[in-house]
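Chemist: Test case, fold it:
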Amino acid sequence: MSPSSEILPQAAAGQGVVPQSVENMFQQILQAVQKSHVEIADLRQECAELRSANTNLERQIREGLQQNSHLSRTGTPGFMTPSPPSPQLRAAKLSPFLSHSFPALSVNVSHSDPPFRPSPLGDNVMTAFPFGSRDIPGFYVVIPAGGAGTRLWPLSREGHPKFLLDLTLKGRSLIQATWDRLLPLSSAARTTVVAGPGHIKAIREQLPDIHPNNLFCEPGPKDSMAAIGLAAAVLAKRDPDAVIGSFAADHMISGDDAFLSAVAEAVEVAKKDYLVTIGIAPSHPSTGFGYIRLGDKLELAEAPNARLVSSFKEKPDARTAASYIATGKYRWNAGMFVTKATFLLDLLKEYKPELHEGLLKIAAVWDDETARQAVLTEVWSTLEKIPIDNAVAEPAAAEGRVAVVPATFGWDDVGDFSSLADLLPAEANQPRILGDSSLVVTEQVAGGIVVPGSGRLVACLGVDDLVIVDMPDTLLVTTRARSQEVKRLVKKTGESGWKQLL
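Modeler: Residues are numbered from 1 along each chain as shown. Below you'll find the predicted structure:
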């Protein structure tokens with residue numbers, strides 16, 4: 001026996017706890033590795049299921065598009081709903097710009113069209129409910145139409161943000177589809193749009209039925225609280241019993257009937273003095289959306305699905321988002337709010353008194369155009385720039401005054417080109433194309449999105465998951481994985497002396 005072999009047993013005998021502790025340590029490491037393998041296997045299984053579901057959806061969309069020309073409007077499901085008859089429909093040249101040009105946005109409007117048309121981005125054609133009877137007396141729709149056009153730049157710009165674009169090539173812009181979708185619950189007389197001065201003309205052209213005194217022009221961007229608060233203050237002055245619902249102009253929704261039902265339920269909850277939001281059932285652990293944690297049920301007969309909001313969560317990292325989904329207690333925060341106008345003003349008075357005071361001062365003279373401009377000039381620039389979530393929703397939720405109606409309709413805020421790509425049909429393993437597909441030639445290219453907006457040919461060879469946006473004055477090339485960072489590039493472009501392209 002060697003000297004070293006004699007020493008080791010003696011050391012083990014003298015310190016018997018050491019080998020045992022080392023063995024325990026290795027067992028713990030082994031258990032951790034095994035747990036990691038199990039988690040990885042679970043993630044792989046989830047990914048496989050998602051891929052399978054996406055493949056089935058793509059197949060259904062392709063089959064729907066193939067059958068589209070043979071089916072009537074009353075016999076098609078939502079994902080293949082054809083565009084409504086409209087002078088905006090385009091057969092020869094496909095473009096997200098409704099006027100066929102860049103960047104002009106004028107739309108030829110036929111006043112013989114019916115006052116309500118189903119949204120081409122939803123599935124109204126499948127519902128059994130007569131939409132004419134779904135009007136909710138005393139309910140006012142507010143559509144904040146803001147944005148700097150940075151997230152889908154250079155397709156969208158400051159002068160024509162995404163809500164003015166037709167991102168599905170179905171003949172209706174996002175704001176037109178929002179109008180179409182909500183009209184059954186209110187009417188043109190009770191639908192208000194809040195927008196900046198640079199977008200008023202285009203909105204009037206795209207929404208010819210909007211009443212002139214329902215198109216509110218805010219002098220400058222002050223985020224959602226000022227925009228929604230202004231509408232609430234003016235509408236409360238016009239109708240003290242008004243229940244308002246705020247819905248962004250640039251979101252896409254599928255499943256219109258489920259959407260309308262959720263809004264109707266939210267109105268019933270709002271009448272009980274709650275600030276009510278609509279929580280979207282998450283389809284995946286997104287890091288691009290905020291989350292709502294569900295609280296206790298409210299047990300309201302008129303709103304059986306309604307719950308208290310336990311808390312709002314900011315956009316999480318991937319691991320946190322996955323943990324949210326696993327609990328089943330979280331919903332996406334789509335930024336939709338329904339409440340009595342006076343109740344929102346009460347919350348604003350409590351949490352942001354200076355903002356409340358300024359908005360009431362503006363609302364007091366709103367219907368006098370001369371006085372309005374003078375007060376706007378004096379007051380608007382002094383208002384705090386803050387989202388409605390931070391201003392009132394989060395502090396009110398902590399006090400049990402915010403409710404949520406969980407909903408099942410499809411929703412996307414089209415926050416980047418990756419999201420937009422998911423909303424467009426394509427052949428398997430091919431890039432999505434927003435525009436004229438004859439201008440795109442690919443070879444061994446999988447995934448991604450191409451926007452051929454310049455009229456010239458875009459040819460791609462052996463590149464996967466790229467975002468290529470080719471406009472007459474600007475070319476953007478990035479990857480889908482980094483498409484959420486386009487805003488950074490827009491900022492740098494401006495700093496580099498190219499502000500005229502923003």
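Chemist: ok, which stretches of the stretch 401-502 of the chain are helices?
Modeler: Secondary structure of the stretch 401-502 of the chain (DSSP state H, counting those that start in this stretch): helices at 417-422, 486-495.
Chemist: same question, the stretch 201-350 of the chain
Modeler: With DSSP H, counting those that start in this stretch as the criterion, the stretch 201-350 of the chain has helices at 223-238, 256-270, 318-327, 341-351.
Chemist: Redo those as CSV? Include mean neighbour count.
Modeler: In this view, the C-beta of every residue, glycine as well, is placed from N, C-alpha and C. Formatted as CSV, the helices of the stretch 201-350 of the chain follow (neighbours: other Cβ atoms under 10 Å):
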stretch, mean neighbour count
helix 223-238, 23
helix 256-270, 23
helix 318-327, 14
helix 341-351, 20
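Chemist: Specify the stretch among those that is closest to residue 412.
Modeler: Relative to residue 412, the nearest member of the helices of the stretch 201-350 of the chain by Cβ to Cβ is helix 256-270, separated by 12.8 Å.
Chemist: on that earlier part again, which one of the helices of the stretch 401-502 of the chain is the most hemmed in?
Modeler: Among these, ranked by average contacts under mean count of other Cβ atoms under 10 Å, first place goes to helix 417-422 (a mean of 22).
Chemist: ok now that one, how far from the chain's centre?
Modeler: 12 Å (Cα atoms, centre = their mean, to the nearest Å).
Chemist: looking at the chain, which helix or strand is least sure?
Modeler: Of all the helices and strands that make up the chain, helix 3-14 has the lowest average by mean pLDDT, DSSP states H and E, namely a mean of 45.
Chemist: related to what we said a few turns ago, make TSV from the helices of the stretch 401-502 of the chain and add distance to residue 190 and mean pLDDT to it.
Modeler: Below are these laid out as TSV (distance: least, Cβ to Cβ, whole Å; pLDDT from 0 to 100):
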stretch	distance to residue 190	mean pLDDT
helix 417-422	31	91
helix 486-495	35	93
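Chemist: Quick one: those helices as a markdown table, columns for distance to residue 472 too.
Modeler: As requested, these are exported to a markdown table (distance: least, Cβ to Cβ, whole Å):
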| stretch | distance to residue 472 |
| --- | --- |
| helix 417-422 | 18 |
| helix 486-495 | 16 |
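Chemist: Show me the one of those that comes nearest residue 429.
Modeler: Proximity of the helices of the stretch 401-502 of the chain to residue 429 was assessed by Cβ to Cβ; the nearest stretch is helix 417-422, lying at 13.1 Å.
Chemist: rewinding a little: will you turn the helices of the stretch 201-350 of the chain into TSV that also has distance to residue 148 and mean pLDDT?
Modeler: TSV is the format used below for the helices of the stretch 201-350 of the chain (distance: least, Cβ to Cβ, whole Å; pLDDT from 0 to 100):
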stretch	distance to residue 148	mean pLDDT
helix 223-238	12	96
helix 256-270	27	94
helix 318-327	26	93
helix 341-351	25	97
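Chemist: Now do the same contact list for residue 490.
Modeler: In this structure, residue 490 makes contact with 150, 153, 502, judged by Cβ atoms under 8 Å, 6 or more residues apart in numbering.
Chemist: Apply 6 Å and report the result again.
Modeler: For residue 490, the residues meeting the contact criterion (Cβ atoms under 6 Å, 6 or more residues apart in numbering) are 150, 153.
Chemist: in the stretch 151-300 of the chain, which spans are strands?
Modeler: Listed in chain order, the strands of the stretch 151-300 of the chain (DSSP state E, counting those that start in this stretch) span residues 191-195, 215-217, 243-246, 252-254, 275-280, 290-297.
Chemist: For the spatially most central residue of the chain, which non-adjacent residue is closest in space?
Modeler: By Cα atoms, centre = their mean, the mean C-alpha position of the chain lies nearest to residue 413, the distance being 1.8 Å. The shortest distance from residue 413 to any residue other than its chain neighbours is 5.1 Å, reached at residue 251 (Cβ to Cβ, 6 or more residues apart in numbering).
Chemist: And the next helix or strand past whichever helix or strand residue 374 is part of?
Modeler: Counting by DSSP states H and E, the secondary-structure element that holds residue 374 is helix 369-379. Following helix 369-379 in sequence order, the next helix or strand is helix 388 (DSSP H and E).
Chemist: For that next one, which helices and strands make contact with it?
Modeler: Under the contact criterion of 3 or more Cβ pairs under 6 Å, 6 or more residues apart in numbering; DSSP states H and E, helix 388 touches helix 223-238.
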